[in-house]
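S.K.: sequence and predicted model, in that order:
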Amino acid sequence: MQILRYLAVRLLFAVPQLLGIAAVAFFLLKLIPGDPAPMMLGPLATEEAVTKLRVEMGLDQPLPAQFLAYLGRLAHGDLGTSWQTTNPVFVDIAQRLPATLELVTLSLILALAIGLPLGLLAGRKPEGISARFADIFSVVAGALPDFWLALVLILIFYSIFNIVPPPIGRLDFAVFPPPAITGSYVVDALLSGDLETFKAAAGQLILPVATLGLIYSVPVLTMTRTTVSRLDDSDFVRFADAKGLSPSRVSRHVLRNAMPSVVTVIGILYGTLVGSVVLVEVVFAWGGIGQYAVSAVLNADINASLGFILAAAVVSLLVHLIVDFIALLLDPRLRSQ
């Protein structure tokens, strides 16, 4: 019950957080040069037509009035309509968000698979070969821009060796998407028993997942290494060593105690990646929410831009809530705070 009460309080605080994010995003986006009315009507539109459209869209009203009108629509679940796609923004986001979540989730799984064992080895043996390799890996991978690494991987593995599919999106043009169940092509293809589509979707994921996984394994490695190094000086590790427990068994105990910190980092990275995976999506023509946001900002599509920001904020808040719940399960001491 204590955990449920804590989660309920967090959900309650999420409402003013979202309102604050919406307010800041709305007024900052209004500062960006560009008027959607003439863009929607085209270069041949008359001044009278532009003025009429601005009145219909409420753009002639003061900014506070526009924001209150937006909040009124938002309270009814209406994110507005994108003038680029002519679709409701909610529909656009619902179609594109699963692509970004699929990419981010698989990338962080790879980052965890790389950073967790390497950080554990480097933390347990700070003078060993694994620690020196971790130092080199952290410096190199941490200094690479994600879009640059993506282009290099495309050059090597597609252009030169031709061992991966072309970077043209989530599926090849000749392959039909699987029935929509979860929104993830690889998962939906497996659930549908379509192995050909699964292979095609998994092939398209190789390079973008490798790009993000390699770069974002560095924070996981760093946090794991730091936490493990600190735990190595604790009483329970010295006691376990004195009892003659095997190094692998001691490492399992250390890793279990380090997991709350690692889970927190994963949660932060997940929320960050949902909003910052834009360049990698553009490089691979991924068709996710990041590409949608870039196009919206460049074309003064305010509703689409605000929809992206709110969607990213909601995902980030939910991920942090899940992370808090997992941390409470892993570390009972947090329940008494």
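M.R.: All right, it came through fine. Not measured: the values here are computed from a predicted model.
S.K.: quick one: buried residues of stretch 93-107?
M.R.: Buried residues in stretch 93-107, counted by 16 or more other C-beta atoms under 10 Å: 93, 95-104, 106-107. In this view, the C-beta of every residue, glycine as well, is placed from N, C-alpha and C.
S.K.: of those, which is the nearest to residue 187?
M.R.: residue 102 (7.8 Å; C-beta to C-beta).
S.K.: please name the nearest non-neighbouring residue to that closest one.
M.R.: residue 184 (4.2 Å; C-beta to C-beta, 6 or more residues apart in numbering).
S.K.: which residues are in contact with the one you found?
M.R.: Each residue near residue 184 by C-beta atoms under 8 Å, 6 or more residues apart in numbering is listed here: 98, 101-102, 105.
S.K.: mind picking the two most distant members of the residues you listed?
M.R.: Greatest spatial distance in the contacts of residue 184: 98 and 105, 10.1 Å, computed using C-beta to C-beta.
S.K.: OK, contacts around residue 259?
M.R.: residue 330.
S.K.: need phi/psi at it.
M.R.: In terms of degrees, to the nearest 10, the main-chain angles of residue 259 are phi -60, psi -40.
S.K.: ok, now residue 88?
M.R.: Dihedral angles for residue 88 - degrees, to the nearest 10 - are phi -60, psi 140.
S.K.: what's the burial count for it?
M.R.: 17 (other C-beta atoms under 10 Å).
S.K.: next one: residue 221
M.R.: By the measure other C-beta under 10 Å, the count of residues near residue 221 is 28.
S.K.: surely it meets residue 120?
M.R.: No - at 9.4 Å, residue 221 and residue 120 do not qualify as touching, with contact defined as C-beta atoms under 8 Å.
S.K.: the residue nearest in space to the middle of the chain: helix or strand, and which one exactly?
M.R.: In the chain, the C-alpha nearest the mean C-alpha coordinate belongs to residue 274, at 2.3 Å (C-alpha atoms, centre = their mean). Per DSSP states H and E, residue 274 falls inside helix 247-276.
S.K.: other SSEs contacting the helix or strand that that helix is followed by?
M.R.: Sequence-wise, the next helix or strand downstream of helix 247-276 (DSSP H and E) is helix 278-283. Helices and strands touching helix 278-283, by 3 or more C-beta pairs under 8 Å, 6 or more residues apart in numbering; DSSP states H and E, are helix 89-124, helix 146-154, helix 195-232, helix 289-298.
S.K.: make it 7 Å
M.R.: Here helix 278-283 touches helix 146-154, helix 195-232, helix 289-298, going by 3 or more C-beta pairs under 7 Å, 6 or more residues apart in numbering; DSSP states H and E.
S.K.: distance from it to the middle of the chain?
M.R.: Computed by C-alpha atoms, centre = their mean, to the nearest Å, the chain-centroid distance of helix 278-283 equals 12 Å.
S.K.: mind listing what's buried in that helix?
M.R.: Using 16+ other C-beta under 10 Å as the test for burial, helix 278-283 gives 278-283.
S.K.: alpha carbons only: can I get it in CSV?
M.R.: Extracted C-alpha coordinates of helix 278-283, given in CSV (Å, rounded to 0.1, in the frame of the first residue of the first chain):
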residue,chain,number,x,y,z
VAL,A,278,15.9,13.1,-34.1
LEU,A,279,19.1,13.1,-36.1
VAL,A,280,19.4,9.3,-36.1
GLU,A,281,15.8,9.0,-37.3
VAL,A,282,16.6,11.5,-40.1
VAL,A,283,19.7,9.7,-41.2
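S.K.: ok, back up a step: pipe the contacts of residue 184 into TSV and attach distance to residue 164 per row.
M.R.: Shown next, in TSV, are these (distance: C-beta to C-beta, whole Å):
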residue	distance to residue 164
98	22
101	22
102	17
105	20
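S.K.: the residues you listed into TSV, with extra columns for pLDDT and distance to residue 307?
M.R.: Putting those into TSV (pLDDT from 0 to 100; distance: C-beta to C-beta, whole Å) gives the following:
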residue	pLDDT	distance to residue 307
98	92	15
101	93	16
102	93	19
105	94	21
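S.K.: now flag whichever of those residues is closest to residue 169.
M.R.: residue 102 (12.4 Å).
S.K.: can you tell me how far that closest one is from residue 30?
M.R.: Applying C-beta to C-beta, to the nearest Å, one obtains 33 Å for the distance of residue 102 from residue 30.
S.K.: just the pLDDT for residue 88.
M.R.: According to the prediction, residue 88 has pLDDT 91.
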